[in-house]
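S.K.: show me the folded form of this:
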Amino acid sequence: MLAAKLVAKKKLVIQFAPRPIIHNPDDVLLRIIHVGICGSDLHYFRHGAIGDQVIDYPFILGHEGVAVVEDTGKEVKSLKPGHKIVIDPAITCGQCDQCLEGRPHTCRQLEFLGCPGQHEGCLQQYMVLPARNCFLLNEDLLPAGVLVEPIACALYAAQMAGPIKDKKVAIFGCGPIGLCLLLHCHLSGAKITAATDKIQARLEAARRFGAHWLGNPDLLDVVNELKAFLATDSKNLPFKPSPSWPEIDLAFDCSGDQQALSQAISLLKPGGKLIIIGIPETNQIFFDPHLLRRKEITLYNVRRQNNFFPQAIEFLQKNKEALASLITHHFPLSEVQRAFEITSNYEDGVIKAIIDL
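M.R.: Numbering: from 1, shown residues only. Just a heads-up that it's a prediction; the model follows:
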């Protein structure tokens, strides 16, 4: 079979690899048909590492996979050849303290697809995975099923934040997770949603998804401009608000950018929450401890998703037309290098690029 292997920083090569076979009775053989390119894939593509997770070349990336079941182990009853499925990329042990406490996403023995030292990814024609990592998809959700994993991350982050209804929400970074989160906040009755990004096509998508205010941090002062916008919403208060008061209840960072994190802290109201989803390019980030302390800001770190695949599939089914619009680029496996270059450089208005195998 063919596989796209990262052989050096910023270099992918199509190579032959052995076709896998089923060994365990609860495994399934999958033929991969679509793979989404995620922000974490781009970190590995550009830097060869995320923190201390360093690639040992060559390595197969990709964890947003949609596939067709080719064959099943003898104990698999829920799946049959021909079924279309979306892959949950987190293979867990089910026995450690984290799994038993309802935290399989931080499993002590976790093997995540496309993660160095754990498990090779989906950019190959065939894979063998446990049946429990395969979730059935309706035919009308192809190829948009590659969005299920980022939707699951967004929904998990939203649950961490607590009630959304009537809240003022800012989302920093309008990649696929940020946009899915924005749509969820809009549909959940957020009073005001604000969104920032450096790419115009993503800001336009954010407007379609219900954002009341949009800002490009390269072109304007996000903090002061958003505060000015929020001040217009304060005229019915029983007191005169200071223009320096931030009014955001919830801030979601989906960029991993230091500037965005600082903007979020500046804009949050006392008692506000910052939910960090994005992966920084650096190994350290910083916050003004005095702002955090004086405003008693709560920080949440999101580790992928936690059993939200069923909810994510349902969300995609209900909003499939809007969400499918996030898939802006398709590439065959033979053009995987070009696909990663365009996505890594944020060229051509890319939001979500997928590889069609």
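
S.K.: what sits against Ala161?
M.R.: Ala161 makes contacts with 250, 252, 273, 275, 300, as judged by Cβ atoms under 8 Å, 6 or more residues apart in numbering. To be clear about C-beta, it is placed using only N, CA and C from the backbone, and glycine gets the same treatment.

S.K.: in strands, which of these fall?
M.R.: Taking DSSP state E, the ones among the contacts of Ala161 that sit in strands are 250, 252, 273, 275, 300.

S.K.: what's the neighbour count on the third one?
M.R.: If I follow you right, that is Lys273. A count of nearby residues for Lys273, using other Cβ atoms under 10 Å, gives 20.

S.K.: not counting its neighbours along the chain, what's nearest it?
M.R.: With Cβ to Cβ, 6 or more residues apart in numbering as the measure, Thr298 is the residue that lies nearest to Lys273, at 4.8 Å, once sequence neighbours are left out.

S.K.: gap between that neighbour and Tyr156?
M.R.: As for Thr298, its distance to Tyr156 is 17 Å (criterion: Cβ to Cβ, to the nearest Å).

S.K.: so these two - more neighbours on which side?
M.R.: Set side by side, Thr298 and Tyr156 show unequal neighbour counts under other Cβ under 10 Å, the larger going to Tyr156 at 21 against 14.

S.K.: could you verify that the more buried one is part of a helix?
M.R.: Yes. Note on Tyr156: a helix contains this position according to DSSP: H, G, I helix; E, B strand; the rest coil.

S.K.: any idea how far it lies from Val350?
M.R.: Using Cβ to Cβ, Tyr156 is found at 25 Å from Val350.

S.K.: contacting residues for the closest residue to Thr196 other than its chain neighbours?
M.R.: Leaving aside its chain neighbours, Thr196 sits nearest to Gly215 (4.7 Å; criterion: Cβ to Cβ, 6+ apart). The contact partners of Gly215, taken as Cβ under 8 Å, 6+ apart, are 194-196, 222, 225-226.

S.K.: please tabulate those residues in JSON lines, including the columns neighbour count, pLDDT and distance to Pro150.
M.R.: Listed next are the contacts of Gly215 as JSON lines, based on neighbours: other Cβ atoms under 10 Å; pLDDT from 0 to 100; distance: Cβ to Cβ, whole Å:
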{"residue": "Ala194", "neighbour count": "25", "pLDDT": "98", "distance to Pro150": "20"}
{"residue": "Ala195", "neighbour count": "29", "pLDDT": "98", "distance to Pro150": "16"}
{"residue": "Thr196", "neighbour count": "31", "pLDDT": "98", "distance to Pro150": "18"}
{"residue": "Val222", "neighbour count": "24", "pLDDT": "97", "distance to Pro150": "24"}
{"residue": "Glu225", "neighbour count": "15", "pLDDT": "96", "distance to Pro150": "28"}
{"residue": "Leu226", "neighbour count": "25", "pLDDT": "96", "distance to Pro150": "25"}
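
S.K.: turn those into a markdown table, including distance to Phe309 and secondary structure.
M.R.: A markdown table is the format used below for the contacts of Gly215 (distance: Cβ to Cβ, whole Å; DSSP: H, G, I helix; E, B strand; the rest coil):
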| residue | distance to Phe309 | secondary structure |
| --- | --- | --- |
| Ala194 | 29 | strand |
| Ala195 | 25 | strand |
| Thr196 | 28 | strand |
| Val222 | 33 | helix |
| Glu225 | 38 | helix |
| Leu226 | 34 | helix |
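
S.K.: can you add distance to His329 and give these back as JSON lines?
M.R.: JSON lines is the format used below for the contacts of Gly215 (distance: Cβ to Cβ, whole Å):
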{"residue": "Ala194", "distance to His329": "27"}
{"residue": "Ala195", "distance to His329": "21"}
{"residue": "Thr196", "distance to His329": "22"}
{"residue": "Val222", "distance to His329": "28"}
{"residue": "Glu225", "distance to His329": "31"}
{"residue": "Leu226", "distance to His329": "30"}
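
S.K.: for these, which one is nearest Ala322?
M.R.: Ala195 (15.0 Å; Cβ to Cβ).

S.K.: returning to what we had before: who wins for neighbours among the contacts of Ala161?
M.R.: With neighbours set by other Cβ under 10 Å, the maximum within the contacts of Ala161 is found at Phe252, which has 30 neighbours.
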